[in-house]
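Asks: Sequence and computational prediction follow.
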Amino acid sequence: MPRLLEIDHVDLAIPAARAWDILRNTDLAHHALLVRALFAIRTLPDRLDGTAKGPVALRISDLTSSISEPGFQVLSEHPGREVVVGAIGKVWHLEIPFVHVGSAEAFTAFAAPGFAKVAWALRVVPLGEQECRVEVEVRVDATDEDAWGKFRRYFVLIGPGSRFIRHSLLSGLAREYGTPDAKENERPLPGDELLPDATDQVSLAVDVHAPPSALWPWIVQMGGQRAGFYSIDLLDNENVRSARELHPELAKLKVGDVIPATRSSSDGFEVLRIAEERELVLGGLFDPELKTQLRFDAPRPLHFWQITWSFVLEPRGDGTTRLHTRARARYASSGASHAAWIRPVHWLMQTAQLRALAARAEGRLPRDDWRDVAEGAGGALVMAAAFLTPFMRQARRHWGLDEATASRALPGDELIPKPDWDWTHGIEIAASAAEVWPWIAQIGAERGGFYSYQWLENVAGCKVQNAERVHPELAVGPHDSISLHPKMPPLPVARYEAGSHFVVHAKADEAARGAGKPWVETSWGFYLEPLGPERCRFVSRFRCATSPDALAHIEYGPLLVEPIGFAMDRRMLLGVKARAEARPSAAKASKARKVKKPKAAHA
């Protein structure tokens, strides 16, 4: 590896063959006037003494080296892809003493002390039929440490100018030929022909470092009452967080389905065209006076809004995907004022959506976002309040249940028949026990999380990610265990009945007990009780016994553990309830409705 390696690039909205022709056969200094000026200054001594050859230019074909006139030369070339230029010399001199070598192999083998070896490459990488990436790569090494030290001191002064020349050249190419982003609104996209008379158009794109197969599932599950739009949820998803994981039940769409635009409305975006991992074209025809949605191909009413919204996935040669989005609109003159403010709003929302889609497809979503932090801060306040109110401990002990219900014997009680302290919390859920059990069965740090204050758990190092959906492969079994923390031993399942309950048990250290040292023994049970065909109760019971010494009472007793346990356990029950009760609406949303044909055509 060379001791100095720097790579700069720019994406251009021209085919790779055209870019190669420009780089290989034209005057590169033409594309950046400042570069031409800098080269003119650099060759000023030669111009003053009359040895300069012609006007300042930077053409690859002009770079030649010979024994009589050594200098930069083409070392290797892969036509259409890459050309490498190099030279050997004492570049820190005002008039550089170059050394001529006859080939790339001789350049590599050259080892005489006191010289720097400089190479730079121009590379063209196709990014699609009409786009490419131009890279400039600079590599420098030296034949000995003394020469490298001289080059480093020289590069402190010349390095900024070298980088400026490269950046100016690439910027000049971008100005002259355009970048994909700058030309995004000009290129044709699938769906344009469905609304040929559109008067408004907004096009945006993002490069995603993942293949289309990783991006497509996120796109196809979006929508109100579905996975959200991954944009600014406060504005377009009624402040409900968009999905952070894939939901297979939302993956099927077909032409004619309607993706709800909001969580509370059935109107939305009609699927006009769909090609898996390639394109999704949505649209809509709306009558703002009657507040109805018509089929996209229906006659336009007097007052109308008609839109298309395209998502096009373009695979790149480097394994990335260019995601293009375009919104087009046609509307009656009465809609002009609405269009004036919706344009900037759409741009803002679309930009946020593209960033979020890229993060999801690339797998770089943070484990905790601002919502998790906010919820965690609220959980910390609940803990603080519980800690400051020990006199309410007895009431918290059976939160969500009356005292008689909480006092019932439950499976697993015999594991710790006489606990020093305990709790039994419960919550009623408006869903069948069969629907709720899969959520309970995947509780655990290494499973579906605890549905509690995730940020607080991760601050403590639990590395938890609360599940949004049921993962059957994560369900606990009779011979399994659940983990609370990576640094704690897993808790084995001691009692288990599928669909009803499971209890984990941490036995006391018998050696410590026998030696009179502090010990602790705990059990934690999860119970599901049917209350009817569409109602059930989820109960969490914790029991703890400790050695009689003061240290064990402080470390494992209710004074410190109960306030934390109450807050986290309560939130877990609420988390299961929210997920189980939301699941039917998600299933319903997975069956996108059709837009009915109007009974009569509008005027």
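Replies: Sure thing, it's come through.

Asks: From Arg244, how far off is the residue nearest to the spatial centre of the chain?
Replies: Note on the chain: the residue nearest the mean C-alpha position is Ala359, at 1.4 Å, using CA atoms, centre = their mean. Per CB to CB, to the nearest Å, Ala359 is found 10 Å from Arg244. From N, CA and C alone the C-beta is placed, and that goes for glycine too.

Asks: ends of stretch 65-74, how far apart?
Replies: End-to-end distance for stretch 65-74: 9 Å, by CA to CA, to the nearest Å.

Asks: Okay, domains of the chain per the record?
Replies: If you go by automatic domain parsing, the domain ranges for the chain are 4-177, 192-361, 370-588.

Asks: of all those, which lies closest to Lys183?
Replies: Lys183 sits nearest to domain 4-177 of all the domains of the chain, at 3.9 Å, using CB to CB.

Asks: and the closest one, what's its mean pLDDT?
Replies: Per-residue pLDDT over domain 4-177 has a mean of 86.

Asks: Straight-line length of it, end to end?
Replies: Using CA to CA, one end of domain 4-177 lies 30 Å from the other.

Asks: Tell me where the stretch 101-250 of the chain has strands.
Replies: Secondary structure of the stretch 101-250 of the chain (DSSP state E, counting those that start in this stretch): strands at 116-126, 132-142, 200-208.

Asks: Any chance of those strands in CSV with mean neighbour count as columns?
Replies: Formatted as CSV, those follow (neighbours: other CB atoms under 10 Å):
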stretch, mean neighbour count
strand 116-126, 20
strand 132-142, 20
strand 200-208, 19
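
Asks: Switch those strands over to JSON lines; also include distance to Met222.
Replies: Formatted as JSON lines, those follow (distance: least, CB to CB, whole Å):
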{"stretch": "strand 116-126", "distance to Met222": "30"}
{"stretch": "strand 132-142", "distance to Met222": "29"}
{"stretch": "strand 200-208", "distance to Met222": "15"}
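
Asks: which one of these lies closest to Ile232?
Replies: The nearest among these, by CB to CB, is strand 200-208 at 14.9 Å.

Asks: what angle separates that closest one from strand 132-142?
Replies: For strand 200-208 against strand 132-142, the angle by axes from the mean of the first three to the mean of the last three CA atoms, to 10 degrees is 30 degrees.

Asks: average pLDDT for strand 200-208?
Replies: The average of the pLDDT scores along strand 200-208 is 95.

Asks: name the helices or strands packed onto it?
Replies: strand 321-331, helix 336-361 (3 or more CB pairs under 8 Å, 6 or more residues apart in numbering; DSSP states H and E).

Asks: re earlier: so what's in contact with Ala359 and Arg244 at the same time?
Replies: Jointly contacting Ala359 and Arg244 under the rule CB atoms under 8 Å, 6 or more residues apart in numbering are Leu365.

Asks: So which residues of the stretch 501-603 of the chain form helices?
Replies: For the stretch 501-603 of the chain, the helices defined by DSSP state H, counting those that start in this stretch occupy 510-514, 550-556, 558-590.

Asks: residue contacts, the closest residue in space to Val459 that isn't next to it in sequence?
Replies: Leaving aside its chain neighbours, Val459 sits nearest to Gly376 (7.3 Å; criterion: CB to CB, 6 or more residues apart in numbering). Neighbouring residues of Gly376 by CB under 8 Å, 6+ apart: 368, 453-456, 459.
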